[in-house]
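# Pasting the sequence and the predicted model now:
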Amino acid sequence: MQILVLYYSKSGNTRKLAEAVARGVDSVEGAQAIIKSTSEVTKDNFLNCSGVIAGSPVYFGVMAADLKRVIDEFISLRKKMEGKVGAAFATSGDPTGGKETTMFSIIQALMIYGMIIVGDPMSATGHYGTACVGEPDERARENGARLGARVAETALKLRQ
């Protein structure tokens, strides 16, 4: 079972958090992370996955335009994504930089795709997803891995 970890990253911080999320997916037996930037993701990546964990830096309190572009371009897949697991993560340059509203913008799009949304587990922060300021530190990477594992575990349960 594949979980797509999709991200846009300009500075590299969101990519680093995406890599931590992917490690969490890979830690679950029977799950494999497919990590793709917005410039390399394909419609087949969407179709062949059981879940999407999408991440973006904060751009004016919402997801980056390039992540939104992918969501817009792949709209023809909307009905085929119904029932798959979705989750979000974000990075920002400031502690009050809009990480939660950015995750909400991603969650909203995934819900419109018909996906089942999960936040990060209580062992992380128990909120909307994983987020950090600047480069992810050890705690942020651990929380990212926990989010990845939660999505993989949920997707496996839904397949039973």
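On my side now, so go ahead.

# Am I right that residue 111 is in contact with residue 118?
No - counting by C-beta atoms under 8 Å, residue 111 does not reach residue 118; the two are 11.7 Å apart. Backbone N, C-alpha and C define where each C-beta goes, glycine included.

# Quick check: neighbours shared by these two?
Listed as contacting both residue 111 and residue 118 by C-beta atoms under 8 Å, 6 or more residues apart in numbering are residue 86.

# Name the residue in those two with the higher neighbour count.
residue 118 (21 against 12; other C-beta atoms under 10 Å).

# separation between residue 80 and residue 74?
Separation of residue 80 from residue 74 (C-beta to C-beta, to the nearest Å): 10 Å.

# which residues do the two both contact?
By C-beta under 8 Å, 6+ apart, the residues touching both residue 80 and residue 74 are residue 46.

# Who has more neighbours out of those two?
residue 74 (18 against 14).

# Quick one: residues contacting that one.
43, 46.

# list the buried ones in the longest helix seen in the chain?
Counting by DSSP state H, the longest helix found in the chain is helix 138-159. Neighbour-count burial for helix 138-159 flags 140-156 (criterion: 16 or more other C-beta atoms under 10 Å).

# model confidence over that helix, on average?
Averaging pLDDT along helix 138-159 yields 97.

# counting contacts, what elements does it pack onto?
Other elements packing on helix 138-159 under the criterion 3 or more C-beta pairs under 8 Å, 6 or more residues apart in numbering; DSSP states H and E are strand 2-7, helix 13-26, strand 51-57, strand 85-92, strand 129-133.

# how many degrees apart are the last one and helix 138-159 in direction?
Direction vectors for strand 129-133 and helix 138-159, defined by axes from the mean of the first three to the mean of the last three C-alpha atoms, to 10 degrees, enclose an angle of 160 degrees.

# Provide the contact partners of strand 129-133 at residue level.
13, 17, 21, 87-95, 97, 99-100, 103, 106-107, 119-120, 124, 140, 143-144, 146-147.

# repeat that for 7 Å
17, 21, 87-92, 94-95, 97, 99, 103, 119-120, 124, 140, 143-144, 147 (C-beta atoms under 7 Å, 6 or more residues apart in numbering).

# check contacts around the nearest residue to residue 32 once chain neighbours are set aside.
Leaving aside its chain neighbours, residue 32 sits nearest to residue 2 (5.3 Å; criterion: C-beta to C-beta, 6 or more residues apart in numbering). Residues counted as contacts of residue 2 (C-beta under 7 Å, 6+ apart) are 32, 34, 48-50.
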